[in-house]
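1. next input, structure requested:
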Amino acid sequence: MDLQKSLRQEISALLRGGNAHLDFEEVVSDFPVTHINAKAPQVPYSFWQMVEHMRIAQWDILEFIRNPAHVSPHYPEGYRPNPEKRADEELWRKTLDDFRSDLEALDAMVQNPETHLFAPIPHAPNYTVFREILLAADHNSYHLGELAIIRQVLDLWPADRKYLTGAPQ
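-> The predicted model follows:
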């Protein structure tokens, strides 16, 4: 058994979702574009704003790992779009595509045997790629759960996927 390969597969699985977590595609596929700016009761952000927050945070983690000159957005306002900003279909699709692209880049980093997962990041010696990948996976998982619940509250799951809401099949 190749321990390195197994470890990379498990980290990749955690990053991509599945097993005990919903994955990104499960949560966003077939989402009605007419509701991307909808907010659930008592939730200050729309569905798109939450996905955009995930995209920004994931992008920041990716750039922190690979770009020594990267400067993270100012926290907290730099990690969310303006609460008044609304998306159109083009911006929605761009957010989804950019999130997927950055997720692919993180996963490729994990799968690359040249990536030293536990070595300090050269320009950030108190951090490792392993730590940053876990951070991205944890952050994504947390918000995907929120998005799934919001989708349920707003009754926006396709009829053939009611299993995600707990309704009997």
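2. next, the buried residues of the top strand by length along the chain.
-> For the chain, the strand with the greatest residue count under DSSP state E is strand 124-128. Within strand 124-128, the residues that qualify as buried are residue 128, counting by 16 or more other C-beta atoms under 10 Å. Using the backbone N, CA and C atoms, a C-beta is placed for each residue, glycine as well.
3. kindly report the same for stretch 43-60.
-> Buried-residue list, stretch 43-60, by 16+ other C-beta under 10 Å: 43, 45-60.
4. for stretch 98-108, same thing?
-> Buried residues in stretch 98-108 (16+ other C-beta under 10 Å): 99, 102-103, 105-107.
5. need the residues that contact it.
-> 12, 15-16, 24, 51, 54-55, 58-59, 61-62, 133, 136, 140 (C-beta atoms under 8 Å, 6 or more residues apart in numbering).
6. using CSV, list the CA coordinates for that stretch.
-> Extracted in CSV, the C-alpha atoms of stretch 98-108 (Å, rounded to 0.1, in the frame of the first residue of the first chain):
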residue,chain,number,x,y,z
ASP,A,98,-14.3,30.4,-10.7
PHE,A,99,-15.1,28.3,-7.6
ARG,A,100,-14.8,25.1,-9.6
SER,A,101,-11.5,26.2,-11.2
ASP,A,102,-9.9,27.1,-7.9
LEU,A,103,-11.1,23.8,-6.4
GLU,A,104,-9.5,21.9,-9.3
ALA,A,105,-6.3,23.8,-8.7
LEU,A,106,-6.3,22.9,-5.0
ASP,A,107,-7.0,19.3,-5.8
ALA,A,108,-4.3,19.2,-8.4
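7. between the buried residues of stretch 98-108, which is closest to residue 81?
-> Residue 81 lies nearest to residue 99 out of these, by C-beta to C-beta, at 13.5 Å.
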